[in-house]
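In: I'll drop the sequence and a predicted model, then ask my questions.
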Amino acid sequence: MKRRDFLKAAGCSAIAVGLAGRIAARTAGDKPNIVYMMLDEIGYFELSCMGHKILKTPNFDRLAAEGMRFTQCLAGGPVCGPTRCVLLTGKHMGHCEMRTNGGGTPITKGEFTLGEMFKSAGYATGGFGKWGIGDSGTTGAPEIHGFDTFYGYYHQVHAHTYYPRYLLRNGKREMLPGNTGDYHKGQTFSQQLIHDEAMKFIRRNKDKPLFCYLPYTLPHGLWSMPEDDPSWLMYKDMKLGGKGQRRPSDPNMYAAMIHMADRYMGEIVKLLKELKIDDNTIIVFSGDNGGQPYFRDAEHPRGVFEPNSTVFRGGKGSLLEGGLRVPYFVRWPGKIKPGSVTDHLCYFGDVMPTLAEASGAKTPDDIDGISFLPTLLGKGTQKQHDFLYWEYAGQVAVRKGKWKAYMSRKQAWQLFDLEKDSLEKNDLAKKHPDILKEMTDYAKSAHIPVKGGRWIDRSKGFDGHRGRKPKKAKPKK
Ligand SMILES: [Ca+2]
């Protein structure tokens, strides 16, 4: 089916399902709810269930224990914009419409997203946090991509502070009292509002299937939170080298931010149980791209928290494993075996077909993803990717089973065996030229020129943390 026809058909069925949904009360065995939390830059090892000794994440740990943990679910891209684009459109970085981290650069109006997919399947659709694939006033805005509600930041630079002057609700600015544009100081803490709105959305839509997308900006910098926040009180006096919050870099604050995200997940699970929809809800927990080795000093050359430990090389921005490996687990009571771990090789582009299969939704034909529902449910045949592909800032990476081919502007193609060499240090390109050729041939075929969206109304776009300075009136002659 051609994309245009598909969109038309999807739109019609959305209306039909919407009407049916209003008439029929919800019954057992209905479409599952989806709560999809994707934290911003949490490292693969920054959870207590992954062995971290300082960072405490009891609620995430419980989800992992009650669901399936993925050891090889790779980010869509190594930075915010592209990884979100791959997640939301099911297309890899050689095909998707956002391949840099421009901030406000939009996807096109015709591009099909998870929002449109769930909308067409009769879901209530809400997003809360950082959108990142189109500013307000562009063809990439969430309200024109199937989201009934989107509350938070659209432009990712806007999301660099927890005390912004305003947040957006469906494209409209809502001013936050007492916030002046100072990165670290203000009276209204944005993340709490964002989380409160997500909770309200779940409560409001408890009787319909719901898709609640939570791209929370925690624990991305610039860090600060209210002085009386319980997570801050827990970490502020710990000896991590911090000098108090409202500074550009503070490990105590970072630890509190991860704990805060964990607390929010605890509140969401509690709410789902209170509303008696927990059993019919798929919860996904994920990072968005690889972690950052923050807080480096002489004693801690890879940072106080060592996000990538000594297992992976690189971090955010790199197509080496440290930039792509994210924590990822899925919980679905009664469907996914508790405490299971899979090494199924997948990436964010697989999320769209997986959730489509789980919810009876349809996807366009031109996506790159493959459903991993058979892996989650432990039944059916799990199809594998022949290749996975990424490109970013002069780097290209291809994955085929245990093999990873990587090049950058400074570095010709290298070939690594990830089973033996997760640090990607032992180049086998000369030893296996045939394997490398197969992968680089694929890389050539995987890239098409990028197609971007456009502005509809520039006046709605992000205009800096303090806003544009008013133009000085020209003196009269
Ligand atoms: Ca990110």
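Out: That came in fine, so what should we check first? Because the structure is a prediction, the values reported are computed rather than measured.
In: For whichever residue of the chain sits closest to the ion, the count of nearby residues, please.
Out: Ranking the residues of the chain by distance to the ion (Cβ to the ion) places Cys80 first, at 3.9 Å. All C-beta spots, glycine's among them, are computed from the backbone N, C-alpha and C. Neighbourhood size, Cys80 [other Cβ atoms under 10 Å]: 25.
In: Confirm for me that it is in contact with Gly132.
Out: Yes. Between Cys80 and Gly132 there is a contact at 5.1 Å, judged by Cβ atoms under 8 Å.
In: what touches both of the two?
Out: Gln156 (Cβ atoms under 8 Å, 6 or more residues apart in numbering).
In: Give me the spatial nearest neighbour of Thr354, chain neighbours excluded.
Out: Closest residue to Thr354 apart from its sequence neighbours, by Cβ to Cβ, 6 or more residues apart in numbering: Ser371 at 4.6 Å.
In: residues contacting that neighbour?
Out: Contacts of Ser371 by Cβ under 8 Å, 6+ apart are Asp350, Pro353, Thr354, Ala356, Glu357, Lys383.
In: and the residues you listed, which are buried?
Out: Among the contacts of Ser371, the ones that count as buried by 16 or more other Cβ atoms under 10 Å are Asp350, Pro353, Thr354, Ala356, Glu357.
In: near the ion, which residues of the stretch 251-400 of the chain?
Out: For the stretch 251-400 of the chain, the residues in contact with the ion (Cβ under 5 Å from the ion) are Asp288, Asn289.
In: if we go to 8 Å?
Out: Within the stretch 251-400 of the chain, the positions adjacent to the ion are Asp288, Asn289, Lys316 by Cβ under 8 Å from the ion.
In: Stretch 125-133: which residues count as buried?
Out: Using 16+ other Cβ under 10 Å as the test for burial, stretch 125-133 gives Thr125, Gly126, Gly127, Phe128, Gly129, Lys130, Trp131, Gly132, Ile133.
In: where does the stretch 351-477 of the chain dip in pLDDT?
Out: 469-477 (pLDDT under 70).
In: Break down it into its helices, ranges please.
Out: 351-359, 373-377, 433-446 (DSSP state H, counting those that start in this stretch).
In: helices or strands up against the lengthiest helix in the chain?
Out: In the chain, ranked by residue count with DSSP state H as the criterion, the top helix is helix 251-274. Helices and strands touching helix 251-274, by 3 or more Cβ pairs under 8 Å, 6 or more residues apart in numbering; DSSP states H and E, are strand 33-39, helix 58-66, helix 190-204, helix 230-235, strand 281-287.
In: repeat that with 6 Å
Out: If you count contacts as 3 or more Cβ pairs under 6 Å, 6 or more residues apart in numbering; DSSP states H and E, helix 251-274 packs onto helix 58-66, helix 190-204, helix 230-235.
In: and the nearest residue to Leu114 once chain neighbours are set aside, helix, strand or coil?
Out: Leaving aside its sequence neighbours, Leu114 sits nearest to Leu88 (Cβ to Cβ, 6+ apart; 5.2 Å). Recorded secondary structure, Leu88: helix (DSSP: H, G, I helix; E, B strand; the rest coil).
In: Give me the neighbour count for Leu88.
Out: 32.
In: Now Phe118: phi and psi?
Out: Backbone torsions for Phe118, taken as degrees, to the nearest 10, come to phi -70, psi -30.
In: Let's see the pLDDT reported for the closest residue to it other than its chain neighbours.
Out: Closest residue in space to Phe118, ignoring its immediate chain neighbours: Phe211 at 4.0 Å, by Cβ to Cβ, 6+ apart. Predicted confidence (pLDDT) for Phe211: 98.
In: circling back: could you pull out the buried residues of the longest helix of the chain?
Out: For helix 251-274, by 16+ other Cβ under 10 Å, it's 251-266, 268-269, 271-272.
In: quick one: contacts of it?
Out: 39, 55-57, 59-60, 195, 199, 202, 218-219, 223, 231-232, 235-236, 238, 240-242, 245, 278, 281, 295, 304 (Cβ atoms under 6 Å, 6 or more residues apart in numbering).
In: Equivalent analysis for stretch 296-315, please.
Out: With contact meaning Cβ under 6 Å, 6+ apart, stretch 296-315 is reached by 43, 45-46, 240, 251, 290-295, 320-323, 325, 422-424.
In: Just to check, Tyr163 is in contact with Gly186?
Out: Yes. Counting by Cβ atoms under 6 Å, Tyr163 does reach Gly186; the two are 3.0 Å apart.
In: Are there residues contacting both of the two? Which ones?
Out: Asn179.
In: Next one, pLDDT for His300 please.
Out: In this model, His300 is scored at 77, pLDDT.
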